[in-house]
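Novice: Predicted model and sequence follow; I will ask about them next.
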Amino acid sequence: MINARHAEALVLLFLPMVFVQAQDSLRWNIEAGITYSAFQQQVKAEVGDPRGERLVNETEFGILAIGSYRLWEVIHVGAFAQFDRGNRHAARFSGFDPATGKTVTKDKIGGNYREFWFGPMVRVQWKSLTGEAGWALTGFRDDDARRDLASANGDTTGSFDLLPSVAFFGSLGAIVSLNEELSLVVRFEYRLRYYKGRGGVLFRDQIEHGMQNITPYIGIAWQFSS
């Protein structure tokens with residue numbers, strides 16, 4: 001079973017593996033880039049007051065690697081590997097500290113999370129515009145905040161097991177040529193996925209845990225095309 005350490009190694013190894021293939025054919029394309037998102041909510045007596053505890057605080061950083069082969073003028077097929085790492089917390093407003101005037105919260109929940117996806121993808125590229133669709137064949141998610149979702153055997157700490165039948169991503173973006181081989185890639189990704197259990201065991205009562213997100217991406221592509 002893939003774990004977080006294996007996922008990080010796969011993402012780091014994915015690029016050189018694809019690069020070797022790229023040398024054998026000018027129709028190969030390799031790409032690497034990052035995703036980043038952040039969201040906060042806070043309360044103050046008035047704008048400009050010292051910041052206290054946040055009601056919601058979430059940050060996420062991800063690495064995406066793609067290797068693709070041009071089958072036809074506008075159609076590329078390949079594979080992707082995505083690894084995300086983030087932290088999020090949420091709490092309820094409880095008032096202000098009388099000594100400092102800063103926000104105080106209660107019932108705080110949250111923690112760190114890590115998520116990995118790997119699978120095939122298809123890209124349609126017309127001039128500088130691109131659209132991608134991918135399907136995660138395998139993946140996992142570690143999530144400290146979701147100790148409330150137990151497996152059938154009572155496990156509340158194991159990694160979530162991906163449900164491959166509902167694990168898709170789609171994106172729209174643009175490729176801007178920098179020189180003959182290098183291009184700048186910008187896009188917005190949409191991801192939808194469900195998890196079915198923990199540590200190889202289905203969730204209690206056979207529930208399923210789903211999530212979705214839209215994330216901006218920026219990367220560099222090495223294009224080897226005839």
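Specialist: Cool, the structure landed.
Novice: what's the weakest-modelled helix or strand in the chain?
Specialist: Across the helices and strands of the chain, mean pLDDT, DSSP states H and E gives its lowest value to helix 4-24, namely a mean of 44.
Novice: in the next helix or strand after it, what's buried?
Specialist: Next helix or strand after helix 4-24 toward the C-terminus (DSSP states H and E): strand 28-41. Using 16 or more other CB atoms under 10 Å as the test for burial, strand 28-41 gives Trp28, Asn29, Ile30, Glu31, Ala32, Gly33, Thr35. Bear in mind the C-beta positions are built from the backbone N, C-alpha and C, glycine included.
Novice: List the buried residues for the following helix or strand past strand 28-41?
Specialist: Counting by DSSP H and E, the element after strand 28-41 in chain order, helix or strand, is strand 56-70. Across strand 56-70, burial judged by 16+ other CB under 10 Å covers Asn57, Glu58, Glu60, Gly62, Ile63, Leu64, Ala65, Ile66, Gly67, Ser68, Tyr69, Arg70.
Novice: Just put these in JSON lines and tack on pLDDT and distance to Arg187.
Specialist: Below are these laid out as JSON lines (pLDDT from 0 to 100; distance: CB to CB, whole Å):
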{"residue": "Asn57", "pLDDT": "96", "distance to Arg187": "26"}
{"residue": "Glu58", "pLDDT": "96", "distance to Arg187": "21"}
{"residue": "Glu60", "pLDDT": "97", "distance to Arg187": "16"}
{"residue": "Gly62", "pLDDT": "97", "distance to Arg187": "13"}
{"residue": "Ile63", "pLDDT": "97", "distance to Arg187": "15"}
{"residue": "Leu64", "pLDDT": "96", "distance to Arg187": "10"}
{"residue": "Ala65", "pLDDT": "96", "distance to Arg187": "14"}
{"residue": "Ile66", "pLDDT": "96", "distance to Arg187": "11"}
{"residue": "Gly67", "pLDDT": "95", "distance to Arg187": "16"}
{"residue": "Ser68", "pLDDT": "94", "distance to Arg187": "14"}
{"residue": "Tyr69", "pLDDT": "93", "distance to Arg187": "19"}
{"residue": "Arg70", "pLDDT": "90", "distance to Arg187": "18"}
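Novice: Hmm, Gly131 and Leu172 touching each other?
Specialist: Yes. Look at Leu172 against Gly131 with CB atoms under 8 Å: they come within range, at 5.4 Å.
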